[in-house]
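Pasting the sequence and the predicted model now:
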Amino acid sequence: MQDESEPPASARAPGAASSPAAVVEQARLVGLRQLALPTLEDVERRRLQLWLVSLLLLVGAVATMAMASLWPSARPGFVSPTVLRLSMVALTAGFVAYTIEKERHLRRLTRLLVDERVLSSALANRLSEVSALLEAGKAINSVLELESVLDIILGSATQLLRSDAGSIMLLEGAVLSVVCAQGSDELLGTESSIDEGVAGQVARSREAALVSGSTGGRRHQVSSALCVPLIRRDELLGVLNINGREDSAFTEYDLRALSLFAEQAAAAIGNARLYEVERNHVAELVELETRKTEFLAAISHDLRTPLTSLVACTKMMQRRTLTSLQRAELTDMADRQASRLAQMIEDLLMAARLEAESPPPLAGINASDVAHDLAAEYAVTGRTVEVDAANEVHVLARSDALRRIITNLVDNAFKYGGAPVRVVVAADPDGESVLVSVIDHGTGIAPADRARVFERFFRSDAHRSTAGIGLGLSIVQGLVATCSGEVWVDDSDGGGTAVRIRLRAAERVTF
């Protein structure tokens, strides 16, 4: 029986309602003085005792009243049956009042113990949750690789909520991409717009969502799910999704716990991204330092060789005993070394200009004429360049750039490949572009080196002893880019290497 003057359990302050002093006071009132802190089982035993005594007293009162009805009333010296019945009624009423009062205190004590047990259970759950969050935080911060951090975050979140499925979606522009998944690996790599789905709504509003009822795609239906945003310093990184099991449903309490966890997760993802950026930056610096060292070593060697030859030639030419033939040979050698030195310096200056200058506008150029002119120039030096091109194939380019591109490629073909060297100029069937190919018949380029041949100062191990500083193909790529084209390395049909360039076609200009 509940006391009408007592507020309900839901309205009582937890600290006051379930204080130890209140429990001890109620235990004293119901006769449990010997127990420092009674349990619900002790209260139930006391209630059973109370009602057993009350039942026995009621049975005794009824029996007494029945005997009183048969009691002779005319005998002197005996109590009147009426008085006896009234006494038993009064005694019964008093004990019923006593029982009701004790029952009221027992019920109050039961509520206090229930409140205390609920609070203890809630505190234990809270401590367990905090402990799980701390352990998850330690695990998350123990690594810095983004992929490992995402795996730990998702694993800790599913363990915290006793789930076995979930995913992490990171925001790239206006698209959410699944970068980590558990329980449904086929979701990895899938993308969705920020304007669609529950995840998109959470990303737009930046507010966590509890989804109840059937949701998800046709292949992944869930009855309950949580979706919380991952926000670090007001920057939206993505969303964290956790799917509930079929035999349980998430509550608002679970949503608050996951939202608290998401704050740590977002910080860890942000740190991992910063680490990844810094690691890539350090790798670039190390690579740059390595290239600089290789460049200095190569340029020192390659510049020293022609300079040494030039100095030697000039000193020998100062001798008066030289014949005309010897002097001519030394002059020719000095000219070759000077040209070689000038070419190296020109390559360095060209590489610098490609970074610093804005390219001039493009114009229509007959690529066939450029290829034939260069072939004639190489023929003077005793090197044969075969040209396969129609008479009129015009491209959008710069005349000096196209000439330098083909020259560098032909020089590379002779230096690193093998004769014969062919230049093929052909318009694509669609008429939108022109393909220029420089083909040699050497040993070819290793597949592992093809992706790096256009890097500055790169020289494959097979050609490190060959003269050069590794700028030829890098300059080609830069010049092709200024002409809005593309360049790549391919295999030739007859063996060797084919470097192909695709440029936009231009209409023939007549005067």
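On my side now, so go ahead.

average pLDDT for stretch 287-301?
Regarding stretch 287-301, the rounded mean pLDDT is 73.

Please give the element, helix or strand, for Val476.
In this assignment (DSSP states H and E), Val476 forms part of helix 472-482.

tell me the mean pLDDT over that helix?
Rounded mean pLDDT across helix 472-482 is 81.

Quick check: what element follows it along the chain?
In N-to-C order, the element after helix 472-482 by DSSP H and E is strand 486-491.

Tell me which strands that next one pairs with, and in which orientation.
strand 497-504 (antiparallel) (DSSP bridges).

which of the residues in the partner strand are buried?
For strand 497-504, the neighbour count (16 or more other CB atoms under 10 Å) marks 497-503 as buried. Heads up, the C-betas are built off the backbone N, CA and C, glycines and all.

Ok, stretch 259-274 next?
Buried residues in stretch 259-274 (16+ other CB under 10 Å): 261-262, 264-273.

just checking, Ser193 touches Val175?
Yes. Counting by CB atoms under 8 Å, Val175 is a contact partner of Ser193 at 6.2 Å.

related to what we said a few turns ago, and the helix holding Val476, what does it pack against?
With contacts defined as 3 or more CB pairs under 8 Å, 6 or more residues apart in numbering; DSSP states H and E, the packing partners of helix 472-482 are helix 324-356, helix 399-416, strand 486-491, strand 497-504.

Out of these, flag the one nearest Arg279.
helix 324-356 (25.6 Å; CB to CB).

So which other helices or strands are in contact with the helix or strand following that closest one?
Moving toward the C-terminus from helix 324-356, the next helix or strand (DSSP H and E) is strand 363-366. Helices and strands touching strand 363-366, by 3+ CB pairs under 8 Å, 6+ apart, are strand 394-397, helix 399-416.

partners of strand 363-366 in the sheet?
In its sheet, and by DSSP bridges, strand 363-366 pairs with strand 394-397 (antiparallel).

Report the distance from the partner strand to the chain centre.
44 Å (CA atoms, centre = their mean, to the nearest Å).

Would you mind giving the domain segments of this structure?
As assigned by automatic domain parsing, the chain contains the domains 9-134, 143-277, 358-504.

Quick check: which element contains Ser177?
Using DSSP H and E, Ser177 falls in strand 175-182.

Pull out the buried residues from that strand.
Of the residues in strand 175-182, those buried (16+ other CB under 10 Å) are 176-182.

what does stretch 203-210 give?
So, applying 16+ other CB under 10 Å, buried residues of stretch 203-210: 203, 208-210.

Return the subset of those residues lying in strands.
Within the buried residues of stretch 203-210, residues falling in strands by DSSP state E are 209-210.

Next, format the domains of the chain as TSV and append distance to Ser324.
Formatted as TSV, the domains of the chain follow (distance: least, CB to CB, whole Å):
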stretch	distance to Ser324
domain 9-134	93
domain 143-277	67
domain 358-504	23
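
hmm, back to that, would you format the helices and strands packed on strand 363-366 as TSV with mean pLDDT, distance to Leu106 and mean neighbour count included?
Formatted as TSV, the helices and strands packed on strand 363-366 follow (pLDDT from 0 to 100; distance: least, CB to CB, whole Å; neighbours: other CB atoms under 10 Å):
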stretch	mean pLDDT	distance to Leu106	mean neighbour count
strand 394-397	88	98	24
helix 399-416	84	99	20
